[in-house]
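Student: Model the following, please.
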Amino acid sequence: MSKLILGLPKGSLQETTFEMLRKAGWKISSGSRSYVPRVDDPEIEARLIRAQEISRYVENGHLDAGMTGHDWIVENGSDVVEVTELIYSKQGMNPVRWVLAVPNDSPIQSVQDLAGKRIATEAVGITRRYLQQHGVEAEVEFSWGATEVKAPELVDAIVEITETGSSLRANNLRIVEDILTSTTRLIASKEAWADEWKRRKIEKLAMMLQGVLAADRKVLIKLNVRAGDLDAVANQLPSMHAPTINNLRTEGWYSVESVLDESVVREIIPELKAAGAVDIIELSLNKVVP
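Tutor: Next comes the predicted model:
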């Protein structure tokens, strides 16, 4: 049987990735120390690897495909196929940013002020390229973790990843400049992408994962309405295309359903009720595949 070897990010993105795959249709389970999680698909073998390393293993063919950040593809300079962008992170469905940050009372106001300074970061390659682009010479050292606490005693500045900036603020740091915005990507090795079976499998995985993202913050609204109130109710309902309307067995009644943004539900349900809708149900969605 043909198999796809899939790299999944171990660490901060792990649980979010497992949940996305579950909604997409693949159940992944793993013990706390397991490198090879179980997948309920005999055609997929998964490997849990740090996101920082996945693109390298995909490039050299040890993995057929993987899910990792665009930032680590750039950091590693990996020559891989970026199949699709998956906009999610450990705290939500948003991109992350690599930023240059300094202590609140630092005189540094721009990248130009870093000349001759010391910078700590896990993204050494990204930082050095950024400095080169701006013609700045500075010392860049690799940080093994807890980067935020190293300034100002050990370094003058840091380059760190952030979603909300809360950790930086908690450590009395301010953002000077954004360096790189990153999202998760589904990537494939060039060899796997050239293999017809593996490419189809990867494309199916991409389609279902995109379906999960499309369903985020959307809900299905179902309701019943009398014939005389149908137009008034239908006119209140936004939808992806148009509301679905079906006759009920009871004469003079209709069933109406529509997919809409969750953010409008609290406003629209009272309006639907006032327009004559009854038996209103809100359902969460796992996937929306256009």
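
Student: show me what contacts D41?
Tutor: For D41, the contact set (C-beta atoms under 8 Å, 6 or more residues apart in numbering) comprises W26. Backbone N, C-alpha and C define where each C-beta goes, glycine included.

Student: State the helix or strand in which it lies.
Tutor: Assigned by DSSP states H and E, D41 falls within no helix or strand.

Student: Quick check: the gap between it and S182.
Tutor: The spacing between D41 and S182, counted by C-beta to C-beta, to the nearest Å, is 28 Å.

Student: that's a helix at A101, yeah?
Tutor: No: secondary structure of A101 (DSSP: H, G, I helix; E, B strand; the rest coil): strand, not part of a helix.

Student: neighbours of D231, just the number please.
Tutor: Neighbourhood size, D231 [other C-beta atoms under 10 Å]: 12.

Student: again, but for the one 10 residues further on
Tutor: H241 is surrounded by 8 other residues when neighbours are defined as other C-beta under 10 Å.

Student: Could you do the one 10 residues further on as well?
Tutor: For E251, the number of neighbouring residues by other C-beta under 10 Å comes to 7.

Student: Using the three-state scheme, assign it.
Tutor: coil.

Student: And whichever strand or helix holds E271, what's buried?
Tutor: Per DSSP H and E, E271 falls inside helix 265-275. For helix 265-275, a neighbour-count test (16 or more other C-beta atoms under 10 Å) marks 268-269, 272, 275 as buried.

Student: which residues touch the nearest residue to D156 once chain neighbours are set aside?
Tutor: Spatial nearest neighbour of D156, excluding adjacent residues (C-beta to C-beta, 6 or more residues apart in numbering): K117 at 3.9 Å. By C-beta under 8 Å, 6+ apart, the contact set of K117 is 108, 138-139, 155-157.

Student: which residues in the stretch 1-150 of the chain form strands?
Tutor: For the stretch 1-150 of the chain, strands defined by DSSP state E, counting those that start in this stretch occupy the ranges 4-10, 28-29, 38-39, 44-50, 65-69, 81-86, 96-103, 118-121, 139-142.

Student: could you dump these to JSON lines with mean neighbour count and distance to E251?
Tutor: What follows is those, written out as JSON lines (neighbours: other C-beta atoms under 10 Å; distance: least, C-beta to C-beta, whole Å):
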{"stretch": "strand 4-10", "mean neighbour count": "23", "distance to E251": "53"}
{"stretch": "strand 28-29", "mean neighbour count": "16", "distance to E251": "49"}
{"stretch": "strand 38-39", "mean neighbour count": "16", "distance to E251": "50"}
{"stretch": "strand 44-50", "mean neighbour count": "19", "distance to E251": "51"}
{"stretch": "strand 65-69", "mean neighbour count": "27", "distance to E251": "52"}
{"stretch": "strand 81-86", "mean neighbour count": "17", "distance to E251": "48"}
{"stretch": "strand 96-103", "mean neighbour count": "21", "distance to E251": "56"}
{"stretch": "strand 118-121", "mean neighbour count": "23", "distance to E251": "70"}
{"stretch": "strand 139-142", "mean neighbour count": "15", "distance to E251": "74"}
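
Student: Now render those as a markdown table, adding mean pLDDT.
Tutor: Formatted as a markdown table, the strands of the stretch 1-150 of the chain follow (pLDDT from 0 to 100):
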| stretch | mean pLDDT |
| --- | --- |
| strand 4-10 | 96 |
| strand 28-29 | 92 |
| strand 38-39 | 94 |
| strand 44-50 | 96 |
| strand 65-69 | 96 |
| strand 81-86 | 96 |
| strand 96-103 | 95 |
| strand 118-121 | 97 |
| strand 139-142 | 96 |
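
Student: For the ones you listed, give me TSV that also has distance to E191.
Tutor: Shown next, in TSV, are the strands of the stretch 1-150 of the chain (distance: least, C-beta to C-beta, whole Å):
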stretch	distance to E191
strand 4-10	11
strand 28-29	24
strand 38-39	21
strand 44-50	16
strand 65-69	11
strand 81-86	10
strand 96-103	29
strand 118-121	32
strand 139-142	31
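
Student: right, and those strands - which one's nearest R226?
Tutor: Comparing those by their distance to R226 (C-beta to C-beta), the top pick is strand 81-86, with 43.6 Å.

Student: in its sheet, what does that closest one sit against?
Tutor: Strand pairing for strand 81-86, using DSSP bridges, gives strand 184-188 (antiparallel).
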